[in-house]
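Student: output the structure for:
(2 chains)
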Amino acid sequence: MTNLAQKIISGDHRSIARLITQVENDDPDAVETMRQIHRHTGKATVIGVTGVMGSGKSSLIFELAVAYRAEGKKIGIIAIDPTSPFSGGALLGDRIRMTELSTDEGVFIRSMGTRGMMGGLTSALYDVVEILDAAGMDIILIETVGVGQDEVDIVKIADTTLVVLVPGLGDSVQTIKAGLMEIADIFVVNKADKPGVEQTIAELESMLDLQSGLDRRIPIVATSAKEKKGIPLLTDKITEHQAYLKNSKTFEQRRRQRYEAELIEIIRKRLMEFIFDEKKLKSTVDCCIEQISRKELDPYTAADQILGKILK
Amino acid sequence: MVKKIRVLVAKPGLDGHDRGAKIVARALRDAGMEVVYTGLHQTAAQIVNTAMQEDVDVVGLSLLSGAHMTLFVDVAELLQEKQMQDVLIIGGGIIPQEDVPRLKKAGISEVFGPGTPVEDIVTYIKKNVKR
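Tutor: Take a look at the predicted model:
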């Protein structure tokens, strides 16, 4: 076993941080360590927290982390913010709401940029979850970027997904739209200290009334991170959902889904590397573009030719 | 493999003014860096722990209150103690010229005063990151 893998399993924060940097940078040095830690994973509960920007996800995660710490659990937090498609830079500001946790030995927080990945996550996320799991975290909380209606990839990785809403986002038609509203295991109506909470909850309830074919009604929890309200109920609902997953065998199914997504992501990255790192291939592509613009070749034939060379 | 420069922009102590820190954070973002911003009122221990978990290449400290001789030095010492010498430490804010040599001796690599063009900070970081 590599030295780094041993330190990860013993829970050493510095080593966790280093390995996360390696996987974020697609550093080939990370591969051997990732191979070795895999057998030590599978124990952590992964909770995804998603919702529109400004809905209070960071504050909610802070409150959840405090509640789980009181039970003596070790917590890993991954907070994702958008990477600029223009500069490649990112401003990662989710820790601002979690300051009090930054000296707690039982909590590891990492901020990540999306680095060009769509869907509200970042490409290295699967690896980071494995690392925190192998390092002995009992609970892993993932904060997605502030999402629109269509960024739902968190379901591929989380055991339990919380969709965080706030009062006053729109009328009842919003609640029957596809996408974000379909992925909740628990709805959280945050900022419940603000007016309009009852209406938001009522609209969600009537949406859930129309849902058929589910063996479990999705709970709605009103919370206020500001007034520290609703957190015990939320942790209860998360525990209930975990029990439901295990009893209904959905748990195995979700884990398989995660590994499938992870495997496909690794293959996708490897393929991209293969395609774009190969200097010869790059010159083939350049050459094709030249021919395409002169109308000597069409893009479909060019793609067939290039793929033929790769898959040979 | 894509290496990005990661920077922690931190506000130690009781100083509640962070417009300068935010302007620098934004400029570094626009220069393609990943910037973690801590928010206000951080202790040295909080800053160093955050730097460790976030595995940053640079810690940028901003202070306008006058307590830099204590707080900047505390952060530098604690980083040293945790064997994080490969982290570049820079400072900014209202820092009298005569304090700069002592700060540099304590491990703050460079100090940027009011009126510094943000490009200078970007260039300095790119040139001096240690890993």
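
Student: mind checking pLDDT for the residue nearest to A:Leu180 when sequence neighbours are not counted?
Tutor: Distances taken as CB to CB, 6 or more residues apart in numbering or on different chains place A:Gln149 nearest to A:Leu180, at 5.1 Å, with adjacent residues excluded. Where C-beta positions appear, they are placed from N, C-alpha and C, glycine not excepted. Here the pLDDT value assigned to A:Gln149 is 72.

Student: ok, now how distant is A:Gln149 from chain B?
Tutor: Going from A:Gln149 to chain B by CB to the nearest CB, to the nearest Å gives 26 Å.

Student: what residues are up against residue 77?
Tutor: With no chain named, the answer covers chain A. A:61, A:65, A:98, A:101, A:107-110, A:140-143 (CB atoms under 8 Å, 6 or more residues apart in numbering or on different chains).

Student: not quite, I wanted chain B
Tutor: B:44, B:106-107.

Student: give the rounded mean pLDDT of stretch A:21-33.
Tutor: Here the average pLDDT along stretch A:21-33 is 93.

Student: my bad, should have said stretch B:72-92
Tutor: 96.

Student: for that stretch, the distance to its chain's centre please.
Tutor: Here stretch B:72-92 is found 9 Å from its chain centre; the criterion is CA atoms, centre = their mean, to the nearest Å.

Student: report the buried residues of it.
Tutor: By neighbour count with 16 or more other CB atoms under 10 Å in any protein chain shown, stretch B:72-92 contains the buried residues B:72-76, B:78-79, B:84, B:87-92.

Student: next one: stretch A:89-97
Tutor: Neighbour counts over stretch A:89-97 (16+ other CB under 10 Å) mark A:89-95, A:97 as buried.

Student: can you give me the strands for the chain?
Tutor: In the absence of a named chain, chain A is used. A:45-51, A:75-81, A:90-92, A:107-113, A:139-143, A:160-165, A:186-189, A:220-222 (DSSP state E).

Student: look at chain B instead
Tutor: Under DSSP E, chain B gives strands at B:6-10, B:34-37, B:58-63, B:88-93, B:110-112.

Student: of those, which is nearest A:Ile220?
Tutor: Checking those against A:Ile220 by CB to CB gives strand B:34-37 as the closest, at 33.0 Å.

Student: pull the residues that contact that closest one.
Tutor: A:83, A:89-93, A:95-96, A:111, A:113, B:4-9, B:21-22, B:25, B:28-29, B:50, B:54, B:56.

Student: which strand residues bridge A:Val163?
Tutor: Taking DSSP bridges as the rule, A:Val163 bridges to A:Thr50, A:Phe187.

Student: residues in contact with the spatially most central residue of chain B?
Tutor: Residue closest to the average C-alpha location in chain B (CA atoms, centre = their mean): B:Gly60, at 1.1 Å. Contacts for B:Gly60 (CB under 8 Å, 6+ apart) come out as B:7-10, B:21, B:24, B:28, B:90-92, B:121.

Student: try A:Gly119
Tutor: A:151-153.

Student: what residues does chain B put near chain A?
Tutor: Taking CB under 8 Å from any CB of the partner chain, the part of chain B that reaches chain A is made up of B:1-4, B:6, B:25-26, B:28-39, B:41-43, B:45-46, B:49-50, B:52-55, B:82.

Student: which of the residues you listed are buried?
Tutor: Buried among the residues of chain B next to chain A (16+ other CB under 10 Å): B:4, B:6, B:25-26, B:28-39, B:42-43, B:46, B:49-50, B:52-55.

Student: among those residues, which ones are in helices?
Tutor: B:25-26, B:28-30, B:46, B:49-50, B:52-54 (DSSP state H).

Student: okay if I get those as a markdown table plus distance to B:Val111?
Tutor: As requested, those are arranged in a markdown table below (distance: CB to CB, whole Å):
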| residue | distance to B:Val111 |
| --- | --- |
| B:Ala25 | 18 |
| B:Arg26 | 20 |
| B:Leu28 | 17 |
| B:Arg29 | 22 |
| B:Asp30 | 22 |
| B:Gln46 | 22 |
| B:Asn49 | 24 |
| B:Thr50 | 21 |
| B:Met52 | 23 |
| B:Gln53 | 26 |
| B:Glu54 | 23 |
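
Student: now for those residues: which two are most distant?
Tutor: B:Asp30 and B:Asn49 (27.5 Å).

Student: can you tell me how far the nearest residue to A:Gly106 once chain neighbours are set aside is from A:Met137?
Tutor: With CB to CB, 6+ apart as the criterion, A:Gly106 has its nearest non-adjacent residue at 5.0 Å, and that residue is A:Lys74. Per CB to CB, to the nearest Å, A:Lys74 is found 5 Å from A:Met137.

Student: which of these two has more neighbours?
Tutor: Neighbours were counted for A:Lys74 and for A:Met137 using other CB atoms under 10 Å in any protein chain shown; A:Met137 has more, 25 against 20.

Student: quick one: contacts for that one?
Tutor: A:Met137 neighbours (CB under 8 Å, 6+ apart): A:44, A:74-76, A:108.

Student: quick one, phi psi at it?
Tutor: phi -70, psi 130 (degrees, to the nearest 10).

Student: for it, give me the pLDDT.
Tutor: A:Met137 is assigned 98 on the pLDDT scale.

Student: burial count for B:Asp15?
Tutor: 20.

Student: for burial, what's the neighbour tally of the spatially closest residue to it that is not a sequence neighbour?
Tutor: Take B:Asp15 and drop its neighbours on the chain: the residue closest to it by CB to CB, 6+ apart is B:Ser65, 3.9 Å away. By other CB under 10 Å, 15 other residues sit near B:Ser65.
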